[in-house]
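J.: Next come a sequence and a model predicted from it.
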Protein chains: 2
Amino acid sequence: MQTRLQEPERAMQSKELDFVISALAAHSPLTDSDAFMDWFEARREVHRFRIERIPFAELDKWAFEPSTGNLVHQSGKFFTVEGIRVETDFGPIREWSQPIINQPEIGILGILAKKFDGVLHFLMQLKMEPGNIALVQLAPTLQATRSNYSRVHQGSEPPYLSYFLDRAGSRVLVDVLQSEQGARFLRKRNRNIIVETSKDVPVGDDYCWLTLGQIYRLLRTDNLLNMDARTVLSCISFAGPELLDTPASDLPAALRGLGLSRGELGPFGAKVIGSALDTQNALHDTDDIISWFTELKTKYLLEVEPIPLKLVTKWYRDDYEIAHEDGKFFSVIAVRVQADNREVAAWTQPLLKPREEGIVAYIVKEINGVLHFLVQGKVEPGNFDVVEMAPTVQCVTGNYRQAKPEGRPAFLNDILTAPADRVRLSTRQSEEGGRFFQEQNRNIIVEVGDDFPVEVPGNFIWITLNQLKTFIKYNNFVNVEGRCLLACLPFS
Amino acid sequence: MQTRLQEPERAMQSKELDFVISALAAHSPLTDSDAFMDWFEARREVHRFRIERIPFAELDKWAFEPSTGNLVHQSGKFFTVEGIRVETDFGPIREWSQPIINQPEIGILGILAKKFDGVLHFLMQLKMEPGNIALVQLAPTLQATRSNYSRVHQGSEPPYLSYFLDRAGSRVLVDVLQSEQGARFLRKRNRNIIVETSKDVPVGDDYCWLTLGQIYRLLRTDNLLNMDARTVLSCISFAGPELLDTPASDLPAALRGLGLSRGELGPFGAKVIGSALDTQNALHDTDDIISWFTELKTKYLLEVEPIPLKLVTKWYRDDYEIAHEDGKFFSVIAVRVQADNREVAAWTQPLLKPREEGIVAYIVKEINGVLHFLVQGKVEPGNFDVVEMAPTVQCVTGNYRQAKPEGRPAFLNDILTAPADRVRLSTRQSEEGGRFFQEQNRNIIVEVGDDFPVEVPGNFIWITLNQLKTFIKYNNFVNVEGRCLLACLPFS
């Protein structure tokens, strides 16, 4: 669906401005926005997949280790399902044990970028993962565990891997380690990387160049961009020297001054970019936020002890699942996958199946003329460092609907009862389909007005987008739910 | 030795400028610089301490746990000496086991600050620690493990604790978590905090208000400022808005413009502050340094498995020590302490005794007109996150003198053979006397000239002081050796 264009001379401008330009580009000379969904559906049809739940006994190369009860792959690679015993003084439940995925290897989530007609495009991949809703979603160019790229699969080398390993002559736009779900992964992290290449890039049948503006538009569709794509996109920063500290109200003029039309930028989008560019008007300076974070890390105890899966209490295992005896949280199941565009043709694997749909939401509010995000410090057992910054509301494993209003987590009522004209985003997005079975969470952003108090409980703090993007550059500050929801921020 | 002065109106200036003003204040209206050492020696005489090595059997409340051989306190608090098995692909030795101190609690290292005559002063404590060379050193106002301040000692509450716990009406100048020695501690961290109070502060007999300039002068004396003081001081940042991006050559004029005389600032000191203020001329931008760090964390394997101390191989235990069979690294010993200014009157405890003096050193060089520090990415088994930034040369546990020149660590020869007129700092500084027995390391800074290559091996990178200070704000980037050596940077 794409034609090759001449690459123009590289402009001497910051990568952040390049991101802004791409974010405002609702159209691409390479990929027709209107035709995209047709292409996507057509490619989906080309691939035939069958996912069936199977009993654990039919897992191939996976087995329960007799001495521990851990679910392991015979190579010792990929991941294992183990147990942890948790003790904490954060939240209503102080002590429990649970199954958890242990995946200590650092994988690569890589998006290849290239300028066409002066606008950064991102090479996105149509990818099947067995747990995905509708099976196929849009993924990063490269999504590889170390087992993948060290060929434990015995399959072929993942496409485009060399662009990320050999970065000579390329510009690295993003390159950070990021944590994943702390409630289900024991300290898992991936390398989130965006590399801009000037090399020739052959485009495979399941790949497609998109501008950031096009990607943001696709993020309005439920379950289209996978979690791996969203976490990488969340690491994009817009605060380059050219536009730094331009207030939202002056953005259109500033962009025109740089020879840019406003493109997709709507009134809320202008506030979003304004908050990303601001370094002057934050309610709390960065040192104070770090002090708030230090206080929480010092205050809360989190002791996580790995234990054999068979010693996890209140969970049972039958032929088909490992589940909580009250039917809560998630279960571990097994599936058989038959597909034709993976590194290997067919396989079986365990997946985590959530009990119910969850919700992640930010409350945002203009303070000092700049959009601030209400962030909570949240302790989760798999966290690398006790506390990470999470969205205002994050109910991913519990059943938030059944809680009585007075028993609901802080600010959940504000989200669920927000008037429609305050809701800036409301979509459903999927968790990682390689580990989670048909898990989707409601993604909501509500902009509150002057009547909403600036004073918040001690575990919460107002942070600008510029500050959040800075914390994302450093490791283990903003959790995956908090990052992925930022990736969905609407610009229009 | 001090008189109380009226506190002036607080100026509307950044805390960073307050730090600069204090750093340039070689004298204080409260504490006479020339009389300080007399006071220090007089106070030392007041305290009588006796440290004697004892067999493990004479340890009181400490014992070897029969099932593991771990050395533990009967309260389960303080710390334990355990074993770890390490596997890594960093460095010449790929697999080993060793004793390590496990101290998971987060302690507080706090310095109380207050303005007198408009100049920030820091309340330093004369403190005995059993492992200290000459026993008494200058310490932070408060140095407390959680066991200390939760009163496991059954002693009295540590002085000044309330200023750090109740910070209402105070200004928090520094508040970050910092790692400690990764070769000897398993993921130990302390909260490094500086609080400026406007409250009245009674000054105890063993306490003394000093300006930063006075402290920097004292840092030229061997083993006077303890490690805890140095790590807290290293977190001080000078880059406030008033002086940002002032080049070293313009500093005197800029300071005069702010009504400041140059004070203690010498030509190298001007380069140091110039590097702390610079945000424009770094050889690598911060994103590129994070990418370099991400690459190292992805590249190197570090697997650390806690094991019972009795399973550590190549180490033996006799009545008096746990030691390596080749006489290398360190040994674990036991001491009895009798003193009169500790929370309890007498106690016994284990200490780690190093085999030989070590060396930590930065090579610094002007690049683009700004001083850059040559930093290495170093894997140490107790690191919280695989790799931390370390000084150019860090030989703390090995015997660097016995290595043949060709077998020496990178850049050690440059340090050992540097001509005297290139050596900007050369002192001996102690490691933490509460855990380490008479351990001192040579602290060296060598400024190299134009002939020294900018190209360095992949594990090394040139970083400005401004960038290093920013990394120090976030957790687990700069290791304790790297931080403490920065604290000693001479200003004159």
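T.: That came through, no problem. Residues are numbered from 1 along each chain as shown, chains lettered A, B, ... in the order given.

J.: and stretch A:176-184, how far out from the chain's middle?
T.: Distance, stretch centre to chain centre, for stretch A:176-184: 9 Å (Cα atoms, centre = their mean, to the nearest Å).

J.: nope, stretch A:316-330 is what I meant
T.: 27 Å.

J.: now do stretch A:94-109
T.: 16 Å.

J.: Just the CA trace of it, in PDB.
T.: This file holds the C-alpha atoms of stretch A:94-109, laid out as PDB (Å, rounded to 0.1, in the frame of the first residue of the first chain):
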ATOM      1  CA  ARG A  94      -1.500  -6.800  54.000                       C
ATOM      2  CA  GLU A  95      -0.400 -10.300  53.200                       C
ATOM      3  CA  TRP A  96      -1.100 -12.800  50.400                       C
ATOM      4  CA  SER A  97       0.500 -15.200  48.000                       C
ATOM      5  CA  GLN A  98      -0.200 -15.300  44.300                       C
ATOM      6  CA  PRO A  99       1.100 -16.700  41.000                       C
ATOM      7  CA  ILE A 100       3.300 -14.400  39.000                       C
ATOM      8  CA  ILE A 101       5.100 -14.400  35.700                       C
ATOM      9  CA  ASN A 102       8.900 -14.400  36.100                       C
ATOM     10  CA  GLN A 103      10.600 -13.200  33.000                       C
ATOM     11  CA  PRO A 104      13.900 -11.700  33.900                       C
ATOM     12  CA  GLU A 105      15.200 -11.300  30.400                       C
ATOM     13  CA  ILE A 106      15.200  -7.800  29.000                       C
ATOM     14  CA  GLY A 107      13.400  -7.800  25.600                       C
ATOM     15  CA  ILE A 108      13.300  -5.200  22.900                       C
ATOM     16  CA  LEU A 109      10.200  -3.200  21.800                       C
END
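
J.: tell me the mean pLDDT over that stretch?
T.: Across stretch A:94-109, pLDDT averages out at 90.

J.: Could you tell me how far A:D319 is located from A:G131?
T.: A:D319 sits at a distance of 20 Å from A:G131 (criterion: Cβ to Cβ, to the nearest Å). Just so you know, the C-beta spots here come from the backbone N, C-alpha and C atoms, and that holds for glycine as well.

J.: Who has more neighbours out of the two?
T.: Counted by other Cβ atoms under 10 Å in any protein chain shown, A:D319 and A:G131 do not tie: A:G131 has more neighbours, with 23 against 10.

J.: Show me what the helix or strand that contains A:G83 is packed against.
T.: Taking DSSP states H and E as the definition, one finds A:G83 inside strand A:80-88. Counting contacts by 3 or more Cβ pairs under 8 Å, 6 or more residues apart in numbering or on different chains; DSSP states H and E, strand A:80-88 packs against strand A:71-73, strand A:95-102, strand A:302-307.

J.: Go again with 6 Å.
T.: Strand A:80-88 sits against strand A:95-102, strand A:302-307, with contacts defined as 3 or more Cβ pairs under 6 Å, 6 or more residues apart in numbering or on different chains; DSSP states H and E.

J.: For chain A, what lies in contact range of chain B?
T.: A:106, A:172, A:175-177, A:191, A:291, A:294, A:298, A:474 (Cβ under 6 Å from any Cβ of the partner chain).

J.: now for those residues, which pair is the farthest apart?
T.: The span of these, defined through Cβ to Cβ, is set by A:V172 and A:T298 at 34.7 Å.

J.: Closest residue of the stretch 51-200 of chain A to chain B?
T.: Nearest residue of the stretch 51-200 of chain A to chain B, counting by Cβ to the nearest Cβ: A:D175, 3.6 Å away.

J.: three-state assignment of that residue?
T.: strand (DSSP: H, G, I helix; E, B strand; the rest coil).

J.: Let me know the average pLDDT across stretch A:241-261.
T.: Per-residue scores along stretch A:241-261 average to 87.

J.: Could you tell me the end-to-end distance of it?
T.: In terms of Cα to Cα, to the nearest Å, the two terminal residues of stretch A:241-261 are separated by 19 Å.

J.: what's the spacing between that stretch and its chain's center?
T.: For stretch A:241-261, the distance to the chain centre is 28 Å (Cα atoms, centre = their mean).

J.: mind listing the strands for the stretch 301-450 of chain A?
T.: Secondary structure of the stretch 301-450 of chain A (DSSP state E, counting those that start in this stretch): strands located at A:302-307, A:315-317, A:322-324, A:330-338, A:346-354, A:358-367, A:370-379, A:387-390, A:393-395, A:423-430, A:440-448.

J.: residue contacts, the residue nearest to A:I133 when sequence neighbours are not counted?
T.: Excluding the flanking residues, the one nearest A:I133 by Cβ to Cβ, 6 or more residues apart in numbering or on different chains is A:N223, at 4.7 Å. Listed by Cβ atoms under 6 Å, 6 or more residues apart in numbering or on different chains, the contact set of A:N223 reads A:133, A:428, A:430, A:440.

J.: Go through these and give me the one with the most neighbours.
T.: Top of the contacts of A:N223 by neighbour count (other Cβ under 10 Å): A:S430, with 24 neighbours.

J.: re the thing from before, okay, now the residue of the stretch 51-200 of chain A closest to chain B: neighbour count?
T.: 24.

J.: And for A:N383?
T.: By other Cβ under 10 Å, the residues close to A:N383 number 21.

J.: Done for today, thanks.
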